[in-house]
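**Student:** sequence and predicted structure below; questions after.
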Amino acid sequence: MMLQIVGVGAVNKGAELMLIAIKQHFAQRDPAILLACDPGFGSYSERARYGLYSKLSASRIGRSWLAAQIMPASFRLAYGLAEDRDIKAVLDASGFAFSDQFDPRRTERFAEDVLLWKKQGKRVILLPQALGPFETPRARKAFRIVLENADLVFARDAESLRYAQAVGGAGDRLRECPDFTNLVTAVNPGDVTPLRNQVCIVPNDRMIEKGGAAAGAYLPFMAECVKAVMRAGGSPLLLLHDAKADGPLVQPLMKLIGADVPVVRHPDPCHLKWILGASRMVIGSRFHALVSALSQSVPCLATGWSHKYQALFADYGCPECIVQPGVDTGHVEKAINELLSDPGHDRMVAALRRHGDQLKTRVAQMWSVVDTTLGIASNGGSSS
């Protein structure tokens with residue numbers, strides 16, 4: 001069986017983590033299952049690193065399509081090329097793409113794709129992701145088409161579920177499940193030594209792009225957090241979870257801090273997860289960096305630009321750890337001191353571990369439903 005994975009890519013580390021989570025699951029479940037993606041996932045070497053087949057364009061024009069018609073299927077597959085006829089199901093792992101916060105054309109194109117996939121007899125599953133709101137007519141109409149035709153849709157949180165339910169058309173095929181990268185295994189990069197009392201600072205350029213009135217307060221706020229960490233005896237480490245997007249924030253942030261802070265970048269998100277897990281605390285704004293930390297029971301303070309952040313911290317039982325730029329810095333400093341102190345740190349770790357175990361169980365249950373929908377037999381083989 002070959003599955004097409006959409007909504008993932010090697011540029012955004014959160015999207016790459018979702019691809020890794022999918023690959024890890026099916027490798028354990030049935031190693032014979034093959035995964036394909038669009039060439040837009042990344043370079044050839046990046047696709048090859050994950051053993052991904054490259055999905056050829058569905059348009060019946062161009063040299064690549066003509067070549068695929070001429071060459072035998074065995075030859076085409078041997079060179080890592082997949083066509084629509086090879087794909088049995090499509091899994092979408094967009095993370096957060098269907099909402100009034102984005103251009104409605106994205107949702108409309110996806111609705112068209114879903115109709116095509118169903119016409120071709122494919123299963124279509126939306127893996128856990130943030131959804132909505134859908135107040136604008138175009139986005140609402142397009143997403144209803146998705147809900148009416150997809151085999152399964154998993155909202156990542158209760159608010160996303162309510163937004164999707166308000167659109168209608170899914171019935172019991174619409175379900176709730178937390179982010180599924182919590183099961184991804186962290187990997188020691190081997191060339192990084194954690195700092196004493198390490199506190200990872202994870203910026204996000206989208207806090208400026210989508211932060212509205214608070215956008216101008218974001219970098220000064222993060223700088224104050226770093227200063228508070230230093231005063232509390234912590235060792236700040238600036239971790240770029242998306243080096244290309246967030247790299248331009250480094251120098252302005254250093255200037256506001258008034259001191260140099262070590263900076264770490266790494267191409268492998270599993271290595272980044274290990275570094276986050278080796279920290280005493282994380283202060284950040286990148287969603288999947290926070291998931292990587294919380295799922296390893298690392299206390300976090302976060303600021304975010306959408307409802308998905310509040311939902312994430314509610315899932316882990318610590319909604320009070322969401323703070324916003326512009327709040328009283330004394331309040332934030334008190335929270336940092338509390339989470340770095342032994343009693344406060346230990347209490348939070350125990351709570352995160354308890355909630356994290358429950359969330360991992362829910363993700364495992366989600367995968368069981370997905371496997372059944374795909375027709376993967378309980379003994380690990382495909383029934384199709």
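**Tutor:** Arrived safely, thanks for sending. Residues are numbered from 1 along each chain as shown.

**Student:** burial measure for residue 285, as a count.
**Tutor:** Using other C-beta atoms under 10 Å, residue 285 has 26 neighbouring residues. Where you see a C-beta, it was placed from the backbone N, CA and C, and this is true even at glycine.

**Student:** one more: residue 265?
**Tutor:** 15.

**Student:** same check on the one 4 residues further on?
**Tutor:** Neighbourhood size, residue 269 [other C-beta under 10 Å]: 28.

**Student:** next: residue 148.
**Tutor:** 17.

**Student:** that one and residue 171 touch, don't they?
**Tutor:** No - with contact defined as C-beta atoms under 8 Å, residue 148 does not reach residue 171; the gap is 9.4 Å.

**Student:** which parts of the stretch 1-150 of the chain are strands?
**Tutor:** 2-6, 34-37, 53-55, 81-82, 87-92, 96-98, 123-131 (DSSP state E, counting those that start in this stretch).

**Student:** mind listing residues that contact the first one?
**Tutor:** Identification of contacts with strand 2-6 by C-beta atoms under 8 Å, 6 or more residues apart in numbering yields 19, 22, 26, 33-38, 52-53, 55, 82, 86-94, 113, 374.

**Student:** drop anything exposed from the residues you listed.
**Tutor:** 19, 22, 26, 33-38, 52-53, 55, 82, 86-94, 113, 374 (16 or more other C-beta atoms under 10 Å).

**Student:** helix, strand or coil for residue 293?
**Tutor:** Here residue 293 is recorded as helix under DSSP: H, G, I helix; E, B strand; the rest coil.

**Student:** got a list of what residue 110 touches?
**Tutor:** With C-beta under 8 Å, 6+ apart, residue 110 has these contacts: 92, 97, 98, 142, 146.

**Student:** top of the residues you listed by number of neighbours, please.
**Tutor:** Greatest neighbour count in the contacts of residue 110, by other C-beta under 10 Å, goes to residue 98: 29 neighbours.

**Student:** and it, what's its pLDDT?
**Tutor:** For residue 98, the pLDDT comes out at 97.

**Student:** wait, isn't it in contact with residue 146?
**Tutor:** Yes - using C-beta under 8 Å, residue 98 is in contact with residue 146, at 7.3 Å.

**Student:** so what sits against both of the two?
**Tutor:** Common neighbours of residue 98 and residue 146 (criterion: C-beta under 8 Å, 6+ apart): 107, 110.

**Student:** and residue 135, how many residues sit next to it?
**Tutor:** 11.

**Student:** the helix or strand harbouring residue 253: which residues count as buried?
**Tutor:** Assigned by DSSP states H and E, residue 253 belongs to helix 250-257. Neighbour-count burial for helix 250-257, counted by 16+ other C-beta under 10 Å, picks out 250, 253, 254, 257.

**Student:** between these, which is nearest residue 370?
**Tutor:** residue 250 (39.0 Å; C-beta to C-beta).

**Student:** quick check, that closest one in contact with residue 262.
**Tutor:** No - using C-beta under 8 Å as the test, residue 250 is too far from residue 262 to be in contact (11.0 Å).

**Student:** what helices and strands are in contact with the helix or strand where residue 364 lies?
**Tutor:** Assigned by DSSP H and E, residue 364 belongs to helix 342-374. Using 3 or more C-beta pairs under 8 Å, 6 or more residues apart in numbering; DSSP states H and E as the contact definition, the elements that helix 342-374 packs against are helix 13-29, strand 87-92, strand 123-131, strand 152-155, helix 329-340.

**Student:** now these in JSON lines, with mean pLDDT and distance to residue 47?
**Tutor:** Formatted as JSON lines, the helices and strands packed on helix 342-374 follow (pLDDT from 0 to 100; distance: least, C-beta to C-beta, whole Å):
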{"stretch": "helix 13-29", "mean pLDDT": "95", "distance to residue 47": "10"}
{"stretch": "strand 87-92", "mean pLDDT": "97", "distance to residue 47": "16"}
{"stretch": "strand 123-131", "mean pLDDT": "98", "distance to residue 47": "19"}
{"stretch": "strand 152-155", "mean pLDDT": "98", "distance to residue 47": "25"}
{"stretch": "helix 329-340", "mean pLDDT": "92", "distance to residue 47": "40"}
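
**Student:** mind putting the ones you listed into CSV with distance to residue 48?
**Tutor:** Formatted as CSV, those follow (distance: least, C-beta to C-beta, whole Å):
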stretch, distance to residue 48
helix 13-29, 13
strand 87-92, 19
strand 123-131, 23
strand 152-155, 29
helix 329-340, 41
